[in-house]
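> no FASTA, just this:
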Ligand code: 3PG
């Protein structure tokens, strides 16, 4: 039985699937050829990350062939989940496997925006040898994270992991979530001690108004509208930093550029973009934007956990399907 991992899969996950008796194909099939490939090769399981989409048309073509679609990662906005399930195709993701990695990326973006390490690094490679003193002056208005307030919009697994890191660094943390979280306490490990710290849950407006750094951990809205648009950016503190590692479109890109140009925000750190894989150049080249190419979950550890979780879910689903 064949499984196609169209956006790749970690070796540990691939081995685990092979040990279960599956043939795992990892050659990238283009989006246009994907549905016919699945039918022709009799692929029973499609595994994707965020690059490959599984929309209604593909599901219609593959309904008699595919048993499941697995998303290695959190966001399933690239899969028409309800439609697939209505056609008897099981859909699953791996919601917790990458939280730690995304939280660490956000911490690195916060440090980079506090100390201009991204911009100064880029400038040092071309001008460091000739304009050292000028660059030192240009990047001398760094700030410390300790004592600053981080506002987390979306307090699920990733938001909570981030809170834990930020509290460990001496930041104050506030959070907003549309769903009342079961608990707003997070575990913070410092050395050999694990402490339970209460995180105040506030209205989104309050989080935006009080925070020096705002990090987003919410899915894209169903109607495609931005969670953070012009009005929300205007509510943020002057000199605050916004970080988006959730989904492109959660922050309105035109409004963000306008806010940066007006001098209202200190900086924006973006791992995700409205238009992937071709983000707009004016955003990437903006002097107050730090960007990474959607690598929040791209660590060896997260991908290994994802691969192993996928194998475990496939085992579970196939035993239910075959029962
Ligand atoms: C996710 O939703 O899990 C992240 O955005 C990671 O996406 P990726 O698997 O394409 O890196």
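Sure, I can see it. Predicted model, so just to flag it, every value in this text is computed and none were measured.

> excluding its backbone neighbours, what's nearest residue 296?
Excluding its sequence neighbours, the residue lying closest to residue 296 (Cβ to Cβ, 6 or more residues apart in numbering) is residue 102, at 4.0 Å. The way it works is simple: take the backbone N, C-alpha and C, and place the C-beta from them, glycine included.

> give me the residue from the chain nearest the ligand.
Using Cβ to the nearest ligand atom, the closest approach of the chain to the ligand is made by residue 73 at 2.5 Å.

> return the distance of that residue relative to residue 107.
19 Å (Cβ to Cβ, to the nearest Å).

> more neighbours, those two?
Using other Cβ atoms under 10 Å as the criterion, residue 73 and residue 107 rank with residue 73 on top: 24 against 21.

> which residues does the more buried one contact?
Shown in contact with residue 73 (Cβ atoms under 8 Å, 6 or more residues apart in numbering): 49-50, 93-94, 97-98, 297, 306.

> pLDDT wise, what is the residue located most distally from the centre of the chain at?
Relative to the mean C-alpha coordinate of the chain, counting by Cα atoms, centre = their mean, the farthest residue is residue 130 (38.0 Å). Confidence at residue 130, expressed as pLDDT, is 98.

> and residue 181, by the same measure?
78.

> do the one 4 residues further on as well
In the predicted model, residue 185 carries a pLDDT score of 95.

> so what's it bridging to?
residue 198 (DSSP bridges).

> for it, grab the count of nearby residues.
So residue 185, with other Cβ under 10 Å, has 14 neighbours.

> now swap in residue 26 and tell me
13.

> just the element for residue 208, please.
helix 204-210 (DSSP states H and E).

> helix or strand right after that helix?
Following helix 204-210 toward the C-terminus (DSSP H and E): strand 213-216.

> next, the buried residues of that following strand.
Within strand 213-216, the residues that count as buried by 16 or more other Cβ atoms under 10 Å are 213-216.

> ditto for stretch 316-323
Buried residues in stretch 316-323 (16+ other Cβ under 10 Å): 317-318.

> same question, stretch 106-125
106-107, 109-110, 112-120, 123.

> which two among the buried residues of strand 213-216 are spaced furthest apart?
213 and 216 (11.0 Å; Cβ to Cβ).

> hey, what's in contact with both of these two?
By Cβ under 8 Å, 6+ apart, the residues touching both residue 213 and residue 216 are 242-243.

> tell me how far residue 180 lies from residue 172.
Distance from residue 180 to residue 172, by Cβ to Cβ: 21 Å.

> is the helix ranked longest in the chain in proximity to the ligand?
In the chain, assigned by DSSP state H, the helix with the most residues is helix 300-322. No - for helix 300-322, no contact with the ligand is found by Cβ under 6 Å from any ligand atom; the gap never falls below 7.7 Å.

> what does that helix rub up against?
3, 9-14, 16-17, 20, 22, 45, 47, 67-68, 70, 72-73, 90, 92, 94, 97-98, 100-101, 297.

> repeat that for 6 Å
Applying Cβ atoms under 6 Å, 6 or more residues apart in numbering, the external contacts of helix 300-322 come out as 9-10, 12-13, 16-17, 20, 67-68, 70, 72, 90, 92, 94, 97-98, 101.

> isn't residue 246 right next to residue 219, touching?
No - in this structure, residue 246 is not within contact of residue 219 by Cβ atoms under 6 Å, at 7.0 Å.

> who has more neighbours, the two?
Applying other Cβ under 10 Å to residue 246 and residue 219 shows that residue 246 carries more neighbours, namely 25 against 15.

> quick one: residues contacting that one.
216-218.

> how about residue 152?
Residue 152 neighbours (Cβ under 6 Å, 6+ apart): 159, 162-163, 175, 215.

> return the subset of those residues lying in strands.
In this view, the contacts of residue 152 that belong to strands under DSSP state E are 175, 215.

> and the contacts of residue 152 near the ligand, which?
Restricting the contacts of residue 152 to those near the ligand - Cβ under 6 Å from any ligand atom - leaves none.

> how about the residues of this structure by the ligand?
Close to the ligand, as judged by Cβ under 6 Å from any ligand atom, the chain has residues 49-50, 72-75, 98, 294, 296-298.

> show me how to select, in PyMOL, the buried members of the contacts of helix 300-322.
Per 16+ other Cβ under 10 Å, the buried members of the contacts of helix 300-322 correspond to this PyMOL selection:
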select buried, resi 9+10+12+13+16+17+67+68+70+72+90+92+94+97+98+101
